[in-house]
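Visitor: one predicted model, sequence on top.
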Amino acid sequence: DYSITRGRSSELDRMAGGQAVITLDTPCGWFSPANISGSLAGSLLPGRAISISWEYGFAPSIFPRFTGKLQSISVEPDVSGQRNALLVCSDISNELQRRETRSVLYQNVKSGCLAGSLLTDAGYFTTCRAIADGQDTYDYAYFEKRKLDEVLVDIERTEFGFMFINGAGA
């Protein structure tokens, strides 16, 4: 079983980290990080990439639902006495809220290109993103030591546009 919460409830809300909580039946402790003799020993670590996808059809089409990183694992008994492993995962926007910009002075750059440059400087989405050039031109822009998501929200609001992260993490 799993549940996914997204980062905003509407387009105008501030972006927050999306989260997936995965519940796995683990009667023998397979998914327990304390199981050092199991086949998953050493693989269940915080920061491990996690993705949830749906397959549909005979020649399966794959629909990504969530891409993120494992934050924590806890093994808990359920009401029938079995054990469940709860995997809590967060998407990339959680990291955007913590990452500070390492900016240079940008001159005469359109807003979309500026957002793309900031994401590139931070090491995100270098190959899978679709950002329009934008309408506003920033004569001078300098964002040293600001939270990356705050800067992106500022750019987003000046454009009267919106940004989102899809299920594949792009």
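Guide: Cool, got the structure. Numbers count the residues shown, from 1 in each chain.
Visitor: go through stretch 18-34 and flag the buried ones.
Guide: Of the residues in stretch 18-34, 18-20, 22, 24, 26, 31-33 count as buried by neighbour count, 16 or more other Cβ atoms under 10 Å. For glycine as for every other residue, the C-beta is placed from the backbone atoms N, C-alpha and C.
Visitor: farthest-separated two in the residues you listed?
Guide: By the measure Cβ to Cβ, Gly18 and Ser32 form the most distant pair in the buried residues of stretch 18-34, at 25.5 Å.
Visitor: where does Gly116 sit: helix, strand or coil?
Guide: Following DSSP: H, G, I helix; E, B strand; the rest coil, Gly116 is assigned to helix.
Visitor: please apply the same query to Ile52.
Guide: With three-state DSSP as the basis, Ile52 sits in strand.
Visitor: kindly report the same for Ser93.
Guide: Following three-state DSSP, Ser93 is assigned to helix.
Visitor: Val151 now?
Guide: Classification of Val151 using three-state DSSP returns helix.
Visitor: let's number from 57 now, not from 1
Guide: Done: numbering now begins at 57, and the last item shifts to Val207.
Visitor: can you pull the contacts of it?
Guide: Listed by Cβ atoms under 8 Å, 6 or more residues apart in numbering, the contact set of Val207 reads 157, 174, 199.
Visitor: for it, give its distance to Tyr180.
Guide: In this view, Val207 and Tyr180 are 13 Å apart by Cβ to Cβ, to the nearest Å.
Visitor: counting neighbours, what do you get for the nearest residue to Gly85 once chain neighbours are set aside?
Guide: Spatial nearest neighbour of Gly85, excluding adjacent residues (Cβ to Cβ, 6 or more residues apart in numbering): Asn91 at 4.5 Å. Look at Asn91: counted by other Cβ atoms under 10 Å, it has 17 neighbours.
Visitor: isn't Asn91 up against Ala97?
Guide: Yes - applying Cβ atoms under 8 Å, one finds Asn91 in contact with Ala97, separated by 6.4 Å.
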